[in-house]
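In: The following block contains a protein sequence and its predicted model.
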Amino acid sequence: MRDIFKKSIKGRFFAVLALAISWAAPAQDEVEGYFCHTYEMQDKLFEEQPHLKAEAEALQAEFNAMVKGLPDGEFERKDGEPYIIPVVFHVIHYNGPENISDEQIMNAVEEMTLDFNAENTDLPLVHPAFADIVGDVGVEFRLAQRDPQGNCTNGIVRTVSSTTFAGGENLKEVSPIWDRSSYLNIWVCKSIASGAAGYTYYPSSLNGSFGETNDGIVVRHDYVGGIGTSGPGRRHVLTHEVGHWINLPHVWGSSNEPGLPENCEMDDGVEDTPNTIGWTTCNIYGESCGSLDNVENFMEYAYCSKMFTEGQKTRMLAALNTNIAKRNSLWQEENLIATGVLGESLLCEAAFTANRRTVCVGQSVSFSDNSYSGVVNRNWIFDGGSPAGAVGQNPVITYNTPGEYAVALLVSDGQGNTQSSVKQAYIRVLDTAMTSLPYSEGFETVAPGMSPEGIPWFEFGLEDAPSTDTWKVTDVASFSGEHSIRIVETDMSGLPRTLSSETFDFSEFEVLPSVTFKYAAAAIIDDASASLTVWISKDCGETWNLRNEISGNALFTGGVYWDEYVPAEDDWKHAFVPLMSQNFLSSGFQLKFVFTSGNANAVYIDDILIEPTPVTDVSDWNDAKAGLRVYPNPTGGAVRVELPERVKDIGDVQVLDYTGRPANGFHNLGSDRQMLLLDLSGLAPGMYFVRVGDLVGRVMVAR
């Protein structure tokens with residue numbers, strides 16, 4: 001290794017204050033230990049495809065011999081122009097936080113470009129001993145504006161898939177690679193199966209046919225950029241992975257095990273990076289192999305990374321100028337033209353979203369312009385909205401009249417090019433107190449095969465969902481009557497699907513009404529994970545509270561079916577929805593069911609019943625024929641609990657609060673045959689459940 005201290009220290013970035021800051025322990029905010037699994041994944045690849053190992057090692061040895069001794073500055077663009085790399089992000093999500101915003105992705109591209117051009121804001125704090133060898137690599141990253149077919153794009157592909165929960169090479173099957181000779185592909189997911197924050201492969205491992213479908217970077221969503229689900233302490237992670245992608249090892253060498261003494265004998269192939277054992281803490285005074293370590297290097301694990309060296313710059317630019325894994329084709333002018341990243345941004349599409357699509361009168365909707373690219377002017381039209389038009393990027397519009405309303409957006413780039421988008425019946429505005437009690441719904445008035453429009457229930461889902469991906473009325477099975485409503489997971493794209501109600505008027509009642517329903521479901525495999533949750537709102541959907549979750553064996557009343565599931569009579573179970581608080585006695589009460597897929601066959605709902613008086617005979621969640629009669633109800637003290645005659649052994653008696661936790665302060669006054677007497681005077685007012693074995697009853701304690 002070349003002794004870096006033979007170079008003079010110019011101190012070009014430093015003042016005394018900056019030095020003091022740089023030597024202090026950095027704020028680690030939300031950062032946890034970052035591990036990239038490039039080497040583990042590469043070893044796994046060689047185990048699975050051993051014929052690739054010899055070729056990769058030969059290519060890497062040839063490359064290392066070529067790079068060795070190259071002078072600093074070799075392969076710099078003579079005209080001073082940067083190497084421009086078109087980028088596409090494949091966001092694999094399940095409608096959770098991993099579906100990161102366009103803004104977060106653009107921030108990640110900006111942060112990478114700053115890092116590769118020595119313009120990152122924390123660079124002035126780099127240790128002065130390394131100031132003279134900071135490498136301005138001169139690489140710029142730009143989101144693609146043309147896809148491989150020449151169509152307009154914003155460089156972001158979004159795909160719904162459960163593979164996001166255990167990402168890896170499987171992501172590349174869900175969202176296939178864009179031609180690696182034209183794009184840097186980055187796959188984003190919720191978590192990586194190996195436990196890594198990110199990984200990629202060296203170019204030498206990707207030179208053959210394997211690379212044609214797998215070349216790129218896999219990264220967790222919370223390590224993308226420095227905003228959104230990520231944070232400032234993680235904004236350099238993609239820079240680290242791109243370093244590997246253009247042939248940089250870790251500064252301690254080609255392993256994922258920093259901190260080992262033997263790493264002093266391992267070389268990273270770069271002359272001006274001191275030998276080091278590797279660091280996971282930001283000790284910028286660290287000396288591990290006889291000299292000061294470059295702890296702040298982007299290829300370290302110390303989480304205070306700020307720089308590449310001149311030697312690393314030379315190595316990366318050499319990689320971009322070889323045909324290994326087609327790296328030398330990415331930045332060619334013809335490719336930049338083909339991918340649309342050379343010149344002005346292309347106005348391709350007008351697009352928008354809303355934070356809510358169903359509101360009540362007097363409520364507001366926040367809209368977001370997601371058009372791309374190069375938008376200069378916007379003109380919104382809001383049918384039924386106040387105001388009826390806007391020109392900003394994120395207008396907030398109030399709706400004061402019930403109905404369904406269209407939204408239109410016209411955008412232009414200031415050069416005479418325009419795009420427009422019109423969505424009919426995009427916003428649904430409900431009145432308050434639309435439905436009175438008592439209320440029962442068996443879906444008898446809706447034709448089979450139809451979504452439940454025209455009654456106080458409607459299917460509210462995501463835009464552009466397949467027509468089969470919805471709740472629909474069916475005459476295949478029912479608990480009573482001829483119809484029920486069901487959702488079939490085998491028809492679904494994996495999206496959570498919501499069945500919502502209109503507003504109910506609870507404002508005239510002093511006692512909380514009861515909400516019950518019947519359900520039946522089956523799985524297609526053992527250990528299926530689908531769930532049916534029930535939510536309530538007191539303010540017409542402004543806020544929602546979870547009140548019941550049925551999942552796993554409790555949901556799959558019909559067991560496992562591979563063919564079409566049609567519930568038998570005994571498969572139907574009874575469930576109720578505890579309202580909990582007097583705050584829900586409003587004129588804007590809403591109820592919604594949310595089905596989250598997870599290897600279910602089909603889920604049926606029938607006989608939704610909302611009554612203005614408390615239930616005095618509430619069945620167990622999973623047994624429509626078993627229940628306890630509790631009276632008087634409400635009570636201020638003692639209650640009688642009437643048991644079915646089939647109960648021979650009373651056993652333990654429990655009183656649970658609305659969250660399902662045991663409630664202290666009640667006394668069992670004894671039993672007389674099939675009757676219990678409980679003293680509840682020691683309990684605070686509210687809703688409680690009496691459980692005897694597998695039987696449940698509900699009681700309201702009032703004062």
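Out: That came through, no problem.
In: residues in contact with the residue nearest to residue 84 when sequence neighbours are not counted?
Out: Spatial nearest neighbour of residue 84, excluding adjacent residues (Cβ to Cβ, 6 or more residues apart in numbering): residue 140 at 5.1 Å. Just so you know, the C-beta spots here come from the backbone N, C-alpha and C atoms, and that holds for glycine as well. The neighbours of residue 140, taking Cβ atoms under 8 Å, 6 or more residues apart in numbering as the test, are 82-85, 113, 116-117.
In: sec struct for residue 140, please.
Out: strand (DSSP: H, G, I helix; E, B strand; the rest coil).
In: got it, and residue 316?
Out: Put simply, residue 316 is helix when judged by three-state DSSP.
In: Please verify my assumption that it contacts residue 246.
Out: Yes: Residue 316 sits in contact with residue 246 when judged by Cβ atoms under 8 Å, with a separation of 4.5 Å.
In: Centroid-nearest residue for the chain?
Out: Centrality entry for the chain: nearest residue to the mean C-alpha point is residue 98, 2.4 Å, by Cα atoms, centre = their mean.
In: Tell me if I'm right that that residue and residue 230 touch.
Out: No: between residue 98 and residue 230 there is no contact, the gap being 11.3 Å when judged by Cβ under 8 Å.
In: shared neighbours, these two?
Out: Residues touching both residue 98 and residue 230 comprise residue 221, with contact defined as Cβ under 8 Å, 6+ apart.
In: re earlier: what is the nearest of the contacts of residue 140 to residue 577?
Out: In terms of Cβ to Cβ, no member of those lies closer to residue 577 than residue 113, at 51.6 Å.
In: Helix or strand for the closest one, just tell me which one.
Out: With elements taken from DSSP states H and E, the one containing residue 113 is helix 102-116.
In: which helix is the longest one in this structure?
Out: In terms of residue count, the longest helix belonging to the chain (DSSP state H) is helix 51-67.
In: any idea how far it is from the chain center?
Out: With Cα atoms, centre = their mean, to the nearest Å as the basis, the distance from the averaged C-alpha position of helix 51-67 to the chain average is 38 Å.
In: Check stretch 295-305 too.
Out: A distance of 27 Å separates the C-alpha centroid of stretch 295-305 from that of its chain, computed with Cα atoms, centre = their mean.
In: swap in stretch 186-196?
Out: Taking Cα atoms, centre = their mean, the mean C-alpha location of stretch 186-196 is offset from the chain mean by 12 Å.
In: Show residues contacting that stretch.
Out: Contacts of stretch 186-196 with the rest of the structure, by Cβ under 8 Å, 6+ apart, involve 35-37, 40-41, 87-94, 96-98, 100, 163-168, 171-172, 175, 198-199, 216-221, 224, 238.
In: Just the buried residues of that stretch, please?
Out: Along stretch 186-196, these residues count as buried under the neighbour rule (16 or more other Cβ atoms under 10 Å): 186-192, 196.
In: Quick check: of the residues you listed, which lies closest to residue 686?
Out: Compare each of the buried residues of stretch 186-196 with residue 686 using Cβ to Cβ and the shortest gap goes to residue 190, at 37.2 Å.
In: Now the closest one: closest residue in space that isn't a chain neighbour?
Out: Nearest residue to residue 190 in three dimensions, chain neighbours excluded: residue 98, at 3.9 Å (Cβ to Cβ, 6+ apart).
In: so which strand or helix has that neighbour?
Out: In this structure, residue 98 is located outside every helix and strand according to DSSP H and E.
In: Just say helix, strand or coil for residue 583.
Out: Relying on three-state DSSP, one would call residue 583 helix.
In: residues touching it, list them.
Out: By Cβ under 8 Å, 6+ apart, residue 583 lies in contact with residue 538.
In: Relative to residue 543, how far out is it?
Out: As judged by Cβ to Cβ, to the nearest Å, residue 583 and residue 543 stand 10 Å apart.
In: before we move on, what about residue 652?
Out: Residue 652 sits 36 Å away from residue 543, taking Cβ to Cβ as the criterion.
In: again with residue 220
Out: From residue 220 over to residue 543 the distance is 30 Å, taken as Cβ to Cβ.
In: And those two? Which one has more around it.
Out: Each of residue 220 and residue 543 had its neighbours counted (other Cβ atoms under 10 Å), and the higher figure belongs to residue 220 (22 against 10).
In: where does this structure have its least confident helix or strand?
Out: In the chain, no helix or strand scores lower on mean pLDDT, DSSP states H and E than helix 16-23, which sits at a mean of 26.
In: Can you check what angle separates whichever helix or strand comes after that helix from helix 51-67?
Out: Sequence-wise, the next helix or strand downstream of helix 16-23 (DSSP H and E) is helix 38-48. Between the direction of helix 38-48 and that of helix 51-67, the angle (axes from the mean of the first three to the mean of the last three Cα atoms, to 10 degrees) works out to 130 degrees.
In: Check what contacts helix 38-48 and list those residues.
Out: If you take Cβ under 8 Å, 6+ apart as the criterion, helix 38-48 is touched by 52-53, 56, 168, 194, 196, 199-202, 205, 210, 241, 244, 254-256.
In: try 7 Å
Out: 52-53, 194, 199-202, 205, 244, 254-256 (Cβ atoms under 7 Å, 6 or more residues apart in numbering).
In: Among the residues you listed, which lie within helices?
Out: The helices, defined by DSSP H, take in 52-53, 244 from the contacts of helix 38-48.
In: top of those by neighbour count?
Out: Using other Cβ under 10 Å as the contact criterion, the top neighbour count among the ones in helices among the contacts of helix 38-48 goes to residue 244, which has 23 neighbours.
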